[in-house]
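**Q** Just need the structure, nothing else, for what follows:
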Amino acid sequence: VQLQASGGGLVQAGGSLRLSCAASGRTFSIYTMGWFRQAPGKEREFVAAISWSGGSTFYGDSVKGRFTISRDNAKNTVYLQMNSLKPEDTAVYYCASGKRWLTYDDWGQGTQVTVSS
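**A** Okay, the predicted model is just below:
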């Protein structure tokens, strides 16, 4: 599975961004799609996940209530709607896919999100 993330950019605190992750290749094997992020000097952090067919979702504590993950199966695309952004949300965001729930086998390139105060 190949993953292409897009939609990052610079936004002021309190603003919104929507990230997209388009999957191609063996998409029939996907069960989970997820978003992770990594800020400079920090470990990679789980952000959100969604099941490819059933619509189950799971969020990291730091983004609950502010971020929403969704999918469009017809477009093989997963979205991350990010609202009420904070400077601490600044990071490179990565999408990933896996064949089982909350396990990840393939990773896309990152997209930079910068939130200014």
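
**Q** tell me the contacts of the residue most central in space within the chain?
**A** What sits nearest the mean C-alpha location of the chain, by Cα atoms, centre = their mean, is residue 35, with 2.8 Å. Taking Cβ atoms under 8 Å, 6 or more residues apart in numbering, we find residue 35 in contact with 19, 21, 47, 48, 49, 69, 78, 80, 93, 94, 95, 96. C-beta here means a position set from N, CA and C on the backbone, and glycine is covered the same way.

**Q** For it, which non-adjacent residue is spatially closest?
**A** Nearest residue to residue 35 in three dimensions, chain neighbours excluded: residue 47, at 4.2 Å (Cβ to Cβ, 6 or more residues apart in numbering).

**Q** Which strand or helix spans the one you found?
**A** Here residue 47, judged by DSSP states H and E, is contained in strand 45-51.

**Q** Check which helices and strands that strand sits against.
**A** In terms of contacts (3 or more Cβ pairs under 8 Å, 6 or more residues apart in numbering; DSSP states H and E), strand 45-51 is packed against strand 32-38, strand 57-59, strand 67-72, strand 77-82.

**Q** any chance of those strands in CSV, plus distance to residue 5 and mean pLDDT?
**A** Output for these, formatted as CSV (distance: least, Cβ to Cβ, whole Å; pLDDT from 0 to 100):
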stretch, distance to residue 5, mean pLDDT
strand 32-38, 9, 97
strand 57-59, 18, 97
strand 67-72, 13, 96
strand 77-82, 9, 97
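
**Q** Out of these, which is closest to residue 100?
**A** The minimum distance between residue 100 and the helices and strands packed on strand 45-51 falls on strand 32-38, with 6.8 Å, by Cβ to Cβ.

**Q** Report the distance from that closest one to the chain centre.
**A** Centroid separation for strand 32-38 versus its chain: 5 Å, with Cα atoms, centre = their mean, to the nearest Å.

**Q** the inter-axis angle of that strand versus strand 45-51?
**A** Calculated by axes from the mean of the first three to the mean of the last three Cα atoms, to 10 degrees, strand 32-38 forms an angle of 170 degrees with strand 45-51.
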